[in-house]
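A.B. asks: Quick one, structure for this:
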Amino acid sequence: MRTHTWGVAVSASVIVMALLGCEERNQNSSTRSSADGKDRSVSFITKSAPIEFSFPAGWYVNPQDHPFDLQCFSRFKEMNTGVFVFKKVDVALDSTPTDIFGTQVNDLKSKRRNFEELEALQKHEYEDKTVTSITYLGDKDSSRNCYTFSLIEFRADNSKFAVVLQVSLPGNWKTNKPVLESITRSARPLPDRD
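C.D. replies: Numbering: from 1, shown residues only. Down below sits the predicted model:
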């Protein structure tokens, strides 16, 4: 009898763990699978003017308070991506997306030591968007980091734009850079919520 009770308890535990392990689906996240059924990416949507970004499997939304419209960390927190979204209607008439981009760079520069350019400003034209990026090195407390800023301007929906800040350790930069670039390239504007 004891073995039967133990077997039922184990079976119940397995069912509960399976149910708890199921990913919660909501309007701000989704998971995409490849043809072999394995999860390859997860998508998250910014809080304000909705823009969807795809991240590698294992990335997650920062559950803590933060200033971004969306902030995500890689599984082991060796990289992160923060997104500020701006509606053009809320930006001063004499300001441009490039002005806002520069303001964001200067704001972080004022909060870091030894802030120096690592990679020069680059502009990439894609079918659906333009991405302008620049990368810096800087010190915060006892850590040195790579900081990539990207301005994303959409062709199909020019009512909003995003400024993305991505962080990586310098020792992992060559490996992490393509991952961070793919996240930025994945940006896709969605219709505004009412």
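
A.B. asks: residues touching the spatially most central residue of the chain, list them.
C.D. replies: In the chain, the residue lying closest to the centroid (Cα atoms, centre = their mean) is residue 81, at 3.8 Å. By Cβ atoms under 8 Å, 6 or more residues apart in numbering, the residues touching residue 81 are 53, 55, 70, 71, 72, 164, 165, 166, 180, 183, 184. (Glycine included, C-beta is placed from N, CA and C.)

A.B. asks: Most neighbours out of these, which is it?
C.D. replies: The most crowded member of these, judged by other Cβ atoms under 10 Å, is residue 164 (26 neighbours).

A.B. asks: And the one helix or strand residue 163 maps to, what does it pack against?
C.D. replies: In the assignment (DSSP states H and E), residue 163 maps to strand 160-168. Counting contacts by 3 or more Cβ pairs under 8 Å, 6 or more residues apart in numbering; DSSP states H and E, strand 160-168 is packed against strand 79-87, helix 97-109, strand 143-154, helix 173-185.

A.B. asks: Neighbouring strands - and their directions - for it?
C.D. replies: strand 79-87 (antiparallel), strand 143-154 (antiparallel) (DSSP bridges).

A.B. asks: Could I have the CA atoms of the last one written out in CSV?
C.D. replies: As requested, the backbone C-alpha atoms of strand 143-154 are provided in CSV (Å, rounded to 0.1, in the frame of the first residue of the first chain):
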residue,chain,number,x,y,z
SER,A,143,33.2,46.5,-14.1
ARG,A,144,34.0,47.4,-17.7
ASN,A,145,31.3,46.9,-20.2
CYS,A,146,30.5,47.3,-23.9
TYR,A,147,27.5,49.5,-24.6
THR,A,148,25.8,49.4,-28.0
PHE,A,149,23.2,52.0,-28.7
SER,A,150,20.9,51.5,-31.7
LEU,A,151,18.3,53.8,-33.2
ILE,A,152,15.6,51.9,-35.0
GLU,A,153,13.4,53.8,-37.4
PHE,A,154,10.6,51.8,-39.2
